[in-house]
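Engineer: Next input, structure requested:
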Amino acid sequence: QVTLVESGGGLVQAGDSLRLSCAVSGGTFSALVMGWFRQAPGKEREFVAAISWSGLPRYYADSVKGRFSISRDNAKSTVVLQMMSLKPEDTAVYFCAGDPKHRAASIGDVGYYGYWGQGTQVTVSS
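Structural biologist: Numbers count the residues shown, from 1 in each chain. Sure, this is the predicted structure:
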């Protein structure tokens, strides 16, 4: 059973930075493609960023390019989402996701991932 646990969410002001972490257990982390998604109230879950099992390539939604950075530490079975220059529209529950498949064309799809964390709330005030 693969378990994903997010941490690092909180309440920040616009322009601040925040670092989310996702700890993975119960599987071979280095074999998983890892992704971050977010879901705002009343909206569908959307892709934020993803990273291949080796650390490259990395993928980003247009809305976060240049502000967010995804990285992974296979020795520690963790994936990190570093968020900078946060905006009120970044407010959402952020979810960590993983899957052993690697199809670049589908890496931004919610349905692609078989493993999900419980989410962590990020609130950005203006």
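
Engineer: what sits against the residue nearest to the spatial centre of the chain?
Structural biologist: Taking CA atoms, centre = their mean as the criterion, residue 36 is the residue nearest the geometric centre of the chain, at 1.9 Å. Residues touching residue 36, when contacts are defined by CB atoms under 8 Å, 6 or more residues apart in numbering, comprise 20, 22, 48, 49, 50, 70, 79, 81, 94, 95, 96, 97. For the C-beta atoms, the positions are set from N, CA and C on the backbone; glycine is no exception.

Engineer: got the contact list for stretch 70-85?
Structural biologist: Contacts made with stretch 70-85 from outside it, assessed by CB under 8 Å, 6+ apart, are listed as 15, 17-25, 29-30, 34, 36, 48-51, 53, 55, 58, 60, 64, 67-69, 90, 94, 96, 122.

Engineer: What is the neighbour count of residue 53?
Structural biologist: Neighbourhood size, residue 53 [other CB atoms under 10 Å]: 17.

Engineer: All set now, cheers.
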